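Undergrad: Okay, sequence plus prediction incoming.
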Amino acid sequence: MEQTELLRSLAKVANTLTAAEVPFALTGGCAVYARGGPPTTHDVDVLVREQDVSRAVSALVANGMRAAETPLDWLAKVYDGDRLVDLLHHPNREPVTDEVLKRAEWMRVGPAEMPVATATDLMVDKLKVFGPHRCDFTEVLPIARALREQVDWKQVWDRTAESPYAEAFLLLLKRLDIEEVVP
């Protein structure tokens, strides 16, 4: 899937949710790209509150997308053609709240403007995914390098303190002189 096609789908999602007055924020690889990180061609990830999922899906379907079933209870899925859009309401088992959405910053992403999750929130989410069965730092390291000046590293340390995998990654960043905060 090409980056251009993904950005078209992203613009369609952002414009549709904005018109439907569904609060949202871009997250995931597209948000990293919006903030200067590496491009992605994987999918579009959007944060929405759980109470807004049905309205979001309905609005997107009314605008030509198709809903997809998922066995996962923390997100909903829709497709714009063959491009996947994930509507996350409990990423990393944490609910999307008004506060999370209010922290997002309006940015131009491709052809549209939309709220984009903060670099700090993106790094926290990326690090909270690490665990015994998913601990490959190679995808997240270039993201940390690209976003390093936008991230509140103290907050990342504090918000991921329960994870030894996040701690290992943050110590790697320290040793590579990518970030300077160590508790």
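TA: Great, that's in hand. Numbering: from 1, shown residues only.
Undergrad: quick one: low-confidence ranges for the protein?
TA: In the predicted model of the chain, residues 1, 180-183 satisfy pLDDT under 70.
Undergrad: Would you mind giving the domain segments of it?
TA: 3-117, 123-175 (automatic domain parsing).
Undergrad: Now do the contacts for the residue nearest the centre of the chain.
TA: For the chain, Thr27 is the residue whose C-alpha lies nearest the centre (Cα atoms, centre = their mean; 2.0 Å). By Cβ atoms under 8 Å, 6 or more residues apart in numbering, Thr27 lies in contact with Asp45, Val46, Leu47, Leu88, Pro91, Val116, Ala117, Asp121, Leu122, Asp125. C-beta coordinates here come from the backbone N, C-alpha and C atoms, glycine included.
Undergrad: hmm, try it at 10 Å
TA: 44-47, 86, 88, 91, 96, 100, 104, 115-118, 121-122, 125 (Cβ atoms under 10 Å, 6 or more residues apart in numbering).
Undergrad: Now the phi/psi pair for it, please.
TA: The phi and psi torsions at Thr27 (degrees, to the nearest 10) take the values phi -140, psi -170.
Undergrad: now it: how far from Val116?
TA: To Val116, Thr27 is 8 Å away according to Cβ to Cβ, to the nearest Å.
Undergrad: Now the common contact residues for those two.
TA: Residues touching both Thr27 and Val116 (Cβ under 10 Å, 6+ apart) are Ala104, Leu122.
Undergrad: before we move on, the earlier item: most tightly packed of the domains of the chain?
TA: domain 3-117 (a mean of 18; mean count of other Cβ atoms under 10 Å).
Undergrad: Need the distance between the two termini of that one.
TA: Domain 3-117 has its terminal residues 20 Å apart, counting by Cα to Cα, to the nearest Å.
Undergrad: Might one say that Asp52 is in contact with Leu88?
TA: No - the pair Asp52 and Leu88 does not pass the contact test of Cβ atoms under 10 Å, sitting 11.6 Å apart.
Undergrad: intersection of neighbour lists for those two?
TA: Phe24, Val96.
Undergrad: follow-up on the earlier one: which of the contacts of Thr27 fall in helices?
TA: The helices, defined by DSSP state H, take in Val100, Asp121, Leu122, Asp125 from the contacts of Thr27.
Undergrad: Just give the nearest non-adjacent residue to the second one, would you?
TA: Spatial nearest neighbour of Asp121, excluding adjacent residues (Cβ to Cβ, 6 or more residues apart in numbering): Arg103 at 6.4 Å.
Undergrad: and Asp73, what are its phi and psi?
TA: Main-chain torsions, Asp73, degrees, to the nearest 10: phi -100, psi 10.
Undergrad: do you know how far it is from Leu10?
TA: From Asp73 to Leu10 the distance is 25 Å (Cβ to Cβ).
Undergrad: Same question for Ser58.
TA: Ser58 sits 19 Å away from Leu10, going by Cβ to Cβ.
Undergrad: Good, we can wrap up now.
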